[in-house]
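Enquirer: Here's my sequence, what's the structure:
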Amino acid sequence: MNNPIQKKTGKAIKWYGIEVFGKQLLQIGITILLARLLEPEDFGLIGMVYIFVLVSSVIVDGGFAAALVYKKNIDSADKSTVFYTNIIISLLLYLLIFIFSESIASFYNQPQLKTIVRWLGLSIILASFNIVHYAMYSRKMNFKTPAKINLLALVISGTTAIIIALMGGRVWALVVQNIMMTATTVLAFWIYDPWKPIRIFRFKALKSLFSYGSNLMIAAIINQLFHNIYYVLIGKLYSPTALGYYSQANKIQSIPSSKIQQVMRKTTFPVFVSLSDQSKELENYFYKLFKTSALINFPALLLIALLSKDIVILLLTSKWEPIIPYLELLCYSSLFLPFFALSSNAVLCKGKSFLNLKIELLKNIIIILNIVIVIRWGILGLIIGQIINSILFLIIHLIVVKRILRIDIFKLLRITGQYLLIGFTPFLLIKFFMNIHSFTHLFNIILFGSLYIALYYLIALVFKLNNGLTLQTVYNLLMNKK
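Expert: Model (predicted):
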């Protein structure tokens, strides 16, 4: 890449990283406080209906945001057309949610969900007002302003939720948090961004943009539906409390994996595109990213799994103790998530968006078949099913990468095995010792956490598997600097 693009990409990575990990740190603090103040049932009630908000948000976006980012030339008519379309769709979807709110409550046999989903649905309308603004910042690779806005909104909404929880607001603390987060974000974008829609609606522009974004929208809808299908099943078959336990366990284990995946997906795609016609360079870049993602993600998740009991009881209190086995198993299910993002980028950089859609459809078929088989063994069975899914997805993505990039599949398997070995070796040793002798929860986290990290990277260093890892080398790798 040339220097101006490299400089712009570096700045984008910096601020996107600040937003992603800054939000995560704030969210951890807010979640800990709310978990102490609220009951598992409160989180479960939100988990039951949040899928409707997520899917509706994807439909409202319609792939238009991505289309605005990737279309070579856009004008005010394009942006205004998308803006009005987003609002119209959001109003229609909210109307459907309002009408069917009683049916949703009846489905879960939770009458209070009727009011909850109607209020929570307001965030769909609010979010439609800043889709264009955010797309324009992404188009310019300017993540600085969105980062500041999102962090500010999280502080305001989180503080509001904590105050309501202290006042005994229970589940409404979480409802208001969601609405406040969206409302604050929208207000800040409209204050700081000079763009305003003009009075024009061009169907030709809508058709052009939708033709690009429709596949992305379909893939996103499918992903949201199947990603959250476990919430629907647990909420329907069990209770809000059981879903609350699963929801919190899933939230904790996703702290490292989903954020590493998110950063990898967002920041490496421009580099994949720039190297798409340079087979050897693209292959080398993929190998380096694969190793780096494994070197970071494996120990992060295994550390959480190792200290799951101490983390839960110390931070969330003993009322959350039932989530401990869920948390440990869910960590294993997310070991390969960043690799799936890299594989997706490899497919998309070759212009094969339809192949990417077919891969997601195949993965979701596997999810359904797996659920049918394991659901008889309860929530633990469903989570073990997710681990099996993860292994099957790894095989699928390895085959796809071999086909797209002509990469040696056995080399990737060997790399995966090496990093799993150096990850699980200190994990099993320390876990064995912890079963024999344990200390206070805080001391366990400090002592065994430090020991695991030291042993992991020592073994990686001895066997020359550390990939030269430093913060600077990770940054250089994401930017494809030599």
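Enquirer: use CA for all of it now, contacts and neighbours both
Expert: Will do.
Enquirer: quick one, strands of the stretch 151-300 of the chain?
Expert: Applying DSSP state E, counting those that start in this stretch to the stretch 151-300 of the chain gives no strands.
Enquirer: Give me the below-cutoff pLDDT ranges for it.
Expert: Scanning the stretch 151-300 of the chain for pLDDT under 70 picks out the ranges 211-213, 266-267, 270.
Enquirer: all helices of it, in order?
Expert: With DSSP state H, counting those that start in this stretch applied, the stretch 151-300 of the chain shows helices at 171-192, 203-227, 229-237, 240-274, 279-306, listed in chain order.
Enquirer: between those helices, which one is nearest to residue 321?
Expert: Between residue 321 and the helices of the stretch 151-300 of the chain, the tightest spacing by CA to CA is seen for helix 240-274, at 8.9 Å.
Enquirer: rewinding a little: quick one: closest of the helices of the stretch 151-300 of the chain to residue 363.
Expert: helix 203-227 (9.4 Å).
Enquirer: who does the closest one touch, helix- and strand-wise?
Expert: helix 40-61, helix 64-70, helix 76-108, helix 353-374 (3 or more CA pairs under 8 Å, 6 or more residues apart in numbering; DSSP states H and E).
Enquirer: mind running it again at 10 Å?
Expert: The contact analysis (3 or more CA pairs under 10 Å, 6 or more residues apart in numbering; DSSP states H and E) places helix 203-227 against helix 40-61, helix 64-70, helix 76-108, helix 229-237, helix 353-374.
Enquirer: how about a markdown table for those helices, with distance to residue 214 and mean neighbour count added?
Expert: Listed next are these as a markdown table, based on distance: least, CA to CA, whole Å; neighbours: other CA atoms under 10 Å:
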| stretch | distance to residue 214 | mean neighbour count |
| --- | --- | --- |
| helix 40-61 | 10 | 22 |
| helix 64-70 | 8 | 22 |
| helix 76-108 | 13 | 19 |
| helix 229-237 | 22 | 20 |
| helix 353-374 | 11 | 16 |
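Enquirer: is it possible to export those helices to TSV including distance to residue 336?
Expert: TSV is the format used below for the helices and strands packed on helix 203-227 (distance: least, CA to CA, whole Å):
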stretch	distance to residue 336
helix 40-61	24
helix 64-70	26
helix 76-108	33
helix 229-237	19
helix 353-374	14
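Enquirer: and those helices, which one is worst for confidence?
Expert: For those, mean pLDDT drops lowest on helix 64-70, to a mean of 67.
Enquirer: And the residue lying closest to residue 37 once chain neighbours are set aside, how close does it get to residue 239?
Expert: Excluding the flanking residues, the one nearest residue 37 by CA to CA, 6 or more residues apart in numbering is residue 165, at 6.2 Å. For residue 165, the distance to residue 239 equals 21 Å [CA to CA, to the nearest Å].
Enquirer: Comparing those two, which shows the higher neighbour count?
Expert: Counted by other CA atoms under 10 Å, residue 165 and residue 239 do not tie: residue 165 has more neighbours, with 21 against 17.
Enquirer: and stretch 128-137, C-alpha only, in CSV?
Expert: Provided in CSV are the C-alpha atoms of stretch 128-137 (Å, rounded to 0.1, in the frame of the first residue of the first chain):
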residue,chain,number,x,y,z
SER,A,128,-32.5,4.5,11.6
PHE,A,129,-31.6,8.2,12.0
ASN,A,130,-27.9,7.7,12.1
ILE,A,131,-27.2,4.9,9.6
VAL,A,132,-26.2,7.3,6.8
HIS,A,133,-24.0,9.3,9.2
TYR,A,134,-22.1,6.3,10.4
ALA,A,135,-21.7,5.0,6.8
MET,A,136,-20.1,8.3,5.7
TYR,A,137,-17.6,8.2,8.5
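Enquirer: ok, and for it, which residues are buried?
Expert: 128-137 (16 or more other CA atoms under 10 Å).
Enquirer: tell me the domain ranges of the protein?
Expert: 1-227, 246-482 (automatic domain parsing).
Enquirer: need these in JSON lines with distance to residue 235, can you?
Expert: As requested, those are arranged in JSON lines below (distance: least, CA to CA, whole Å):
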{"stretch": "domain 1-227", "distance to residue 235": "6"}
{"stretch": "domain 246-482", "distance to residue 235": "10"}
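Enquirer: how about the helices of the stretch 151-300 of the chain in a markdown table, adding distance to residue 431?
Expert: Formatted as a markdown table, the helices of the stretch 151-300 of the chain follow (distance: least, CA to CA, whole Å):
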| stretch | distance to residue 431 |
| --- | --- |
| helix 171-192 | 36 |
| helix 203-227 | 31 |
| helix 229-237 | 29 |
| helix 240-274 | 18 |
| helix 279-306 | 7 |
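Enquirer: In contact with the residue nearest to residue 37: list those residues for me.
Expert: 33-38, 159, 171-174 (CA atoms under 10 Å, 6 or more residues apart in numbering).
Enquirer: Buried residues in the helix or strand where residue 412 lies, which are they?
Expert: Element membership of residue 412 [criterion: DSSP states H and E] is helix 409-436. By neighbour count on 16+ other CA under 10 Å, the buried set for helix 409-436 is 409, 412, 415-416, 418-420, 422-424, 426-427, 430-431.
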